[in-house]
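A.B. asks: could you work out the structure for the sequence below:
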Amino acid sequence: MGIKLKNKFVYICLCVLGIYAAAFSILSACDVVKNASYIKNKTYFNSYQFGQEIYSYCENLSNFYVHYKDYNDKFGENKASKEDIEGLRLFYEDKLKNQQTEIENKYNNDIQEAQRISDKDKVNKLLDEKNKKLEEVKKENTKTDEELKNEVASRYDKDYEAIKKSVQNRNDIKYYIKNTKTNEIYHNLTGQDTIQEYIQKESLFTIEFPLKSIEDKQFQNTNSMFKNFSWEGYIMIPKQSYSNNYILENYQYYNSVRSRIIKEMIMGCGSFIIALLVLIGIKKDKSLKIAFQEKAGSLYKKLPIDLGVLVFCIYTIIMLGYMMHISFFYKPLGIKHFIKLTIVSIYTAYVVLYVKNNIIPIKNKKEFLNEWNKSLIHSLTNAAKRSFIGRNLKLQILVITIITTILASFTFLLVVMSPRTIILGFIIGILYITLILRIMFKKVDYLNEILKGTKEIASGNLNYVIKEKGENHLSKIAHNINNIKVGYKKSLQSQVKSERLKSELITNVSHDLKTPLTSIINYINLLKKEGLSEDEIKGYIGVLDRKSERLKVLIEDLFEASKMSSGSVELNIEKVDVAALLEQSIAELDEKIKKASLTLRVKYSNKHIYANLDGKKTWRVFENLINNIIKYSAPNTRVYINLMEEDNKILIVMKNISSYEMDFDAEEIFERFKRGDKSRNTEGSGLGLAIAKSIVELQGGKLNIEIDGDLFKAIVQFSQA
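C.D. replies: Here you go, the predicted structure:
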């Protein structure tokens with residue numbers, strides 16, 4: 001028995017030792033992370049802070065030797081320039097406006113309230129106070145030119161004296177700088193030593209500018225400054241210690257911290273190894289168990305898995321913040337060190353227990369699923385799914401029930417406590433019932449509106465709109481009904497339009513095919529007659545030739561339109577000169593244009609404009625559009641064709657004056673067999689624009705039509721190569 005107790009005591013001691021060692025390694029790791037810059041940089045002179053200190057000092061040097069050079073002669077009586085005075089005046093003007101606005105806002109609300117209650121005395125008093133304060137701020141911020149000049153000069157004096165003091169009174173930085181343009185030397189060295197002798201004997205740290213390498217990144221800003229002012233020279237930190245030697249103190253502190261961090265890293269690694277060895281030793285001894293570990297593990301397992309994760313995350317965040325901000329590695333050692341180490345040790349033990357009792361068992365999927373099914377998130381998710389459809393209504397009913405119960409209980413207590421409170425309870429009850437009835441009646445009225453709307457829509461009134469009030473369930477029902485109505489209306493309109501276009505298509509196809517076919521049949525019958533002269537036969541054959549050619553063109557156009565709309569057409573895409581292609585199309589149709597008594601005006605923004613297109617198909621687009629112009633333009637009018645480049649796009653704009661009234665929609669003209677000439681007296685299949693639009697769109701372009709009175713405008717757009 002005694003041996004077992006002894007073994008158990010040793011086991012507990014080993015556990016405590018391992019946990020404390022692990023806690024110490026964690027604290028050392030946090031401190032190393034927090035002070036990583038001390039390890040990264042070998043000394044203070046490699047740090048960003050030192051680089052900024054040198055840059056700040058060199059900035060003062062540049063101000064002293066460049067900006068304020070020959071201060072008394074350069075500035076003298078004219079220290080304040082017109083720009084400085086004007087800038088200061090604008091500053092005071094802005095300040096005055098802001099203060100006036102602040103005073104106005106402060107008093108306006110009180111004045112309006114006094115006016116509302118017709119308190120004239122208070123209004124007058126507030127107005128007097130406001131005007132007085134406005135006058136004060138105006139007087140305070142209104143300066144004469146002389147005052148502004150003196151203030152600017154005073155600011156220059158103060159700035160110069162501050163910079164001069166900063167440069168001349170500082171002994172912890174030495175400099176030796178040469179201006180390569182003027183050969184001037186600036187330095188604050190004393191004694192007879194040369195600069196090289198001073199660097200060897202007196203300097204703790206020296207850096208030469210401009211830099212010869214780009215490794216010293218902390219001095220990049222200072223290096224740029226030297227280059228801008230054509231300076232070269234040395235910045236030195238002397239070995240000699242002066243009173244208030246800020247840089248030397250930082251240097252010594254930085255080195256001490258770096259030394260401490262290195263020691264911490266060694267101790268932290270040692271502690272981690274000890275903790276690891278203890279953990280391995282305990283794991284091998286399966287005969288002993290720690291009572292508090294079993295109890296803690298069983299207690300933690302009672303928590304739902306998601307709640308356990310939440311606790312672990314919150315605790316970890318708190319502890320990480322604690323460990324990153326506490327100061328542990330300092331002297332002298334005391335009780336506070338033990339307390340801090342114990343707090344971190346408790347967290348370390350908790351993490352070990354959490355990993356052992358939760359992370360390791362997760363490998364078993366069945367066990368994990370069982371634990372997950374017991375979780376709070378899973379329970380809440382199932383509850384939400386069960387009440388998903390009417391969750392808002394249920395919530396409203398629940399809230400109303402809770403409020404009703406609370407008010408009923410409160411009213412009952414008022415009545416029981418004293419007869420005097422019966423009236424108060426009665427009033428509360430009446431007000432609550434009135435409120436509930438009002439809400440219910442509003443809901444019922446809105447439900448009646450929805451029922452009326454559905455009746456109107458069901459009777460065929462598709463223009464009726466049900467008002468949508470708020471964001472409750474009834475409003476959502478109204479919104480859905482309105483959407484259904486709009487969708488049905490669009491579908492109906494689309495169907496009617498489709499039927500109309502189908503009817504027009506059949507009529508137009510029948511008319512355009514029937515006319516030449518009838519002529520062919522009639523002239524064939526005439527040829528069958530006997531006794532016809534040779535001239536008559538030739539005339540009839542000529543008519544048959546023209547009509548059959550006309551029928552052939554109609555059938556070919558119809559076939560091509562079908563191919564284009566189905567997309568079953570092969571394109572030979574290559575780099576095409578659109579300007580040359582358009583010019584060729586116009587040249588080939590020049591005779592027809594002249595015959596139609598049209599004057600053509602063509603304008604190119606560039607002689608050569610390139611795009612990736614199918615040349616033959618694009619030529620067909622231009623041919624169809626120009627043929628459309630020839631057929632339907634009023635005689636003796638001008639036709640304008642412009643080719644231009646705009647935002648990486650190529651635009652071809654064709655404008656002509658129509659010979660007939662264009663009383664149709666611009667989009668309708670793209671329908672197959674649709675013609676602007678409704679009498680269908682002109683030649684053409686009515687497929688030209690439809691084919692042109694299909695070709696353009698297959699090549700990634702756009703073809704749009706715009707109609708303005710008798711002006712017909714076709715706009716073709718392609719992407720530029």
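
A.B. asks: drop to CA atoms for contacts and neighbour counts, all remaining ones
C.D. replies: Fine.

A.B. asks: just checking, next helix/strand downstream of the helix or strand where residue 643 lies?
C.D. replies: Taking DSSP states H and E as the criterion, the element that holds residue 643 is strand 637-646. Reading on from strand 637-646 to the C-terminus, the next helix or strand found by DSSP H and E is strand 649-657.

A.B. asks: list the helices and strands the helix or strand following that next one packs on?
C.D. replies: For strand 649-657, the following helix or strand on the C-terminal side (DSSP H and E) is helix 688-698. Contact partners of helix 688-698 among helices and strands, from 3 or more C-alpha pairs under 8 Å, 6 or more residues apart in numbering; DSSP states H and E: helix 534-566, helix 615-632, strand 702-708.

A.B. asks: now the angle from helix 688-698 to strand 702-708?
C.D. replies: 140 degrees (axes from the mean of the first three to the mean of the last three C-alpha atoms, to 10 degrees).

A.B. asks: helix 688-698: how far from the chain's middle?
C.D. replies: The chain centre lies 39 Å from the centre of helix 688-698; the measure is C-alpha atoms, centre = their mean, to the nearest Å.

A.B. asks: and the angle from that helix to helix 615-632?
C.D. replies: Using the same axes, to 10 degrees, one finds that helix 688-698 and helix 615-632 are set 150 degrees apart in direction.

A.B. asks: could you say which of the helices and strands packed on helix 688-698 is packed most deeply?
C.D. replies: Most buried of these, by mean neighbour count (mean count of other C-alpha atoms under 10 Å): helix 615-632, with a mean of 19.

A.B. asks: returning to what we had before: mind putting the helices and strands packed on helix 688-698 into CSV with mean pLDDT and distance to residue 581?
C.D. replies: Shown next, in CSV, are these (pLDDT from 0 to 100; distance: least, C-alpha to C-alpha, whole Å):
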stretch, mean pLDDT, distance to residue 581
helix 534-566, 70, 21
helix 615-632, 86, 7
strand 702-708, 87, 17
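
A.B. asks: could those be laid out in TSV, adding distance to residue 719?
C.D. replies: Listed next are these as TSV, based on distance: least, C-alpha to C-alpha, whole Å:
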stretch	distance to residue 719
helix 534-566	20
helix 615-632	13
strand 702-708	10
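
A.B. asks: residues of the helix or strand where residue 343 lies that come out buried?
C.D. replies: Taking DSSP H and E as the definition, residue 343 sits inside helix 335-354. Buried positions in helix 335-354, judged by neighbour count with 16 or more other C-alpha atoms under 10 Å: 340, 341, 342, 344, 345, 347, 348, 349, 350, 353, 354.

A.B. asks: stretch 516-530 too?
C.D. replies: Neighbour-count burial for stretch 516-530 [16+ other C-alpha under 10 Å]: 516, 517, 520, 523, 527.

A.B. asks: what does it contact?
C.D. replies: For stretch 516-530, the external contacting residues (C-alpha atoms under 8 Å, 6 or more residues apart in numbering) are 537, 540, 541, 543, 544, 547, 548, 550, 551.

A.B. asks: for residue 466, state which of those is nearest.
C.D. replies: Minimum distance to residue 466 across the contacts of stretch 516-530 is 55.5 Å, recorded for residue 551 (C-alpha to C-alpha).

A.B. asks: helix, strand or coil for the closest residue to the closest one other than its chain neighbours?
C.D. replies: Excluding the flanking residues, the one nearest residue 551 by C-alpha to C-alpha, 6 or more residues apart in numbering is residue 516, at 6.2 Å. Here residue 516 is helix, with the state taken from DSSP: H, G, I helix; E, B strand; the rest coil.

A.B. asks: how near is residue 516 to residue 525?
C.D. replies: For residue 516, the distance to residue 525 equals 14 Å [C-alpha to C-alpha, to the nearest Å].

A.B. asks: could you save the contacts of stretch 516-530 as a markdown table and add columns showing distance to residue 448?
C.D. replies: Converted to a markdown table, these look like this (distance: C-alpha to C-alpha, whole Å):
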| residue | distance to residue 448 |
| --- | --- |
| 537 | 82 |
| 540 | 77 |
| 541 | 78 |
| 543 | 74 |
| 544 | 73 |
| 547 | 68 |
| 548 | 69 |
| 550 | 65 |
| 551 | 64 |
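
A.B. asks: return the member of those nearest to residue 100.
C.D. replies: So of these, ranked by how close each gets to residue 100 (C-alpha to C-alpha), first place is residue 550, at 85.4 Å.

A.B. asks: how about residue 166, what does it touch?
C.D. replies: residue 60.

A.B. asks: residue 233 too?
C.D. replies: Listed by C-alpha under 8 Å, 6+ apart, the contact set of residue 233 reads 175, 176, 177, 178, 208, 209, 210.
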